[in-house]
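Student: What would the 3D arrangement of this be:
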Amino acid sequence: MAHPSQLGFQDAASPVMEELLHFHDHALMIVFLISTFVLYVILAMISTKLTNKYILDSQEIEIIWTILPGMILVLIALPSLRILYLMDEINDPHLTIKAMGHQWYWSYEYTDYENLGFDSYMVPTPDLTPGGFRLLEADHRMVVPMESPIRVLVSAEDVLHSWAVPALGMKMDAVPGRLNQAAFIASRPGMYYGQCSEICGANHSFMPIVVEAVPMQYFEDWSSLLLQDL
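Tutor: I've put the predicted structure just below:
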């Protein structure tokens, strides 16, 4: 999860998020090089003869500053389109979960099981256990098996919401009357925190998301116990 004074992204917990981190570093380096070059040109124009009218009106200069930005856009667009394709590709998911946004909580339904579903509310601050995270803990976590393709169907009951878990590279709008889908693979066990990322009302900041990735055997035991309780 995020921590105070953090500048970068959270540690990647899925292959898609790893790709997003690499793309971020790639684009940031391009921005850094452009900024350095522009600053150098500005300083050079102030302190040297680069302000000569024959240089500023040069046809070669105009060709360069027309072609170079186009090449830079291609360098950014190609990896971006590749990641967009990876994020939209959903092949043979092992598990499908329907996440429904409400004012102001989430409900989850495991569509591959009969009658396996629950509501997930934020744990109030007075009820937090030692080590719990304020505004991020939920009374029921969305438990998923690690290293398995998971499809999430996202919708809303009332107003716009957004199901987002940064460490998994997930952010999908929950629109009433519309069923959106996304997929992820949790590459390591752990708990990954998120929140509704759409301003959905007065208690917008009180509907956290907690995804717990566990080995397959633990997931099967958890689902069996939950079905017995239900």
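
Student: so what are the domain limits for the chain?
Tutor: For the chain, automatic domain parsing gives the domain ranges 15-88, 95-229.

Student: deepest of these, which one?
Tutor: Mean neighbour count (mean count of other CB atoms under 10 Å) peaks for domain 95-229 among the domains of the chain, with a mean of 17. Yep, even glycine has a C-beta here, placed from its N, CA and C like the rest.

Student: How far away from the center of its chain is it?
Tutor: Relative to its chain's centre, domain 95-229 lies at 14 Å (CA atoms, centre = their mean, to the nearest Å).

Student: And for stretch 81-94?
Tutor: Relative to its chain's centre, stretch 81-94 lies at 14 Å (CA atoms, centre = their mean).

Student: Chain neighbours aside, what residue packs nearest to Glu89?
Tutor: In space, and not counting its chain neighbours, Glu89 is closest to Ala183: 7.6 Å by CB to CB, 6 or more residues apart in numbering.

Student: Does that neighbour belong to a helix, a strand or coil?
Tutor: strand (DSSP: H, G, I helix; E, B strand; the rest coil).

Student: tell me the contacts of it?
Tutor: Counting by CB atoms under 8 Å, 6 or more residues apart in numbering, Ala183 makes contact with 89-90, 93, 149-152.

Student: Kindly report the same for Ala167.
Tutor: Taking CB under 8 Å, 6+ apart as the criterion, Ala167 is in contact with 1, 10-14, 17, 192-194.

Student: Check which helices and strands the helix or strand containing Ile61 sits against.
Tutor: Following DSSP states H and E, one finds Ile61 within helix 59-88. Secondary-structure packing of helix 59-88 (3 or more CB pairs under 8 Å, 6 or more residues apart in numbering; DSSP states H and E): helix 15-47.

Student: Can you give the distance from the helix it packs on to the centre of its chain?
Tutor: 22 Å.

Student: Any stretches of this protein with poor pLDDT?
Tutor: 48-58, 230 (pLDDT under 70).

Student: Swap in 50 and give it another go.
Tutor: For the chain, no stretch has pLDDT under 50.

Student: right, so of the domains of the chain, which gets closest to Gln6?
Tutor: Closest to Gln6 of the domains of the chain, according to CB to CB: domain 95-229, at 11.0 Å.

Student: Next, the distance between the ends of the closest one.
Tutor: End-to-end distance for domain 95-229, by CA to CA, to the nearest Å: 21 Å.

Student: and if you look at stretch 118-127?
Tutor: With CA to CA as the measure, the first residue of stretch 118-127 is 20 Å from its last.

Student: Residues in contact with it: which ones?
Tutor: 102, 105-108, 132, 134-135, 137-142, 206-210, 226.
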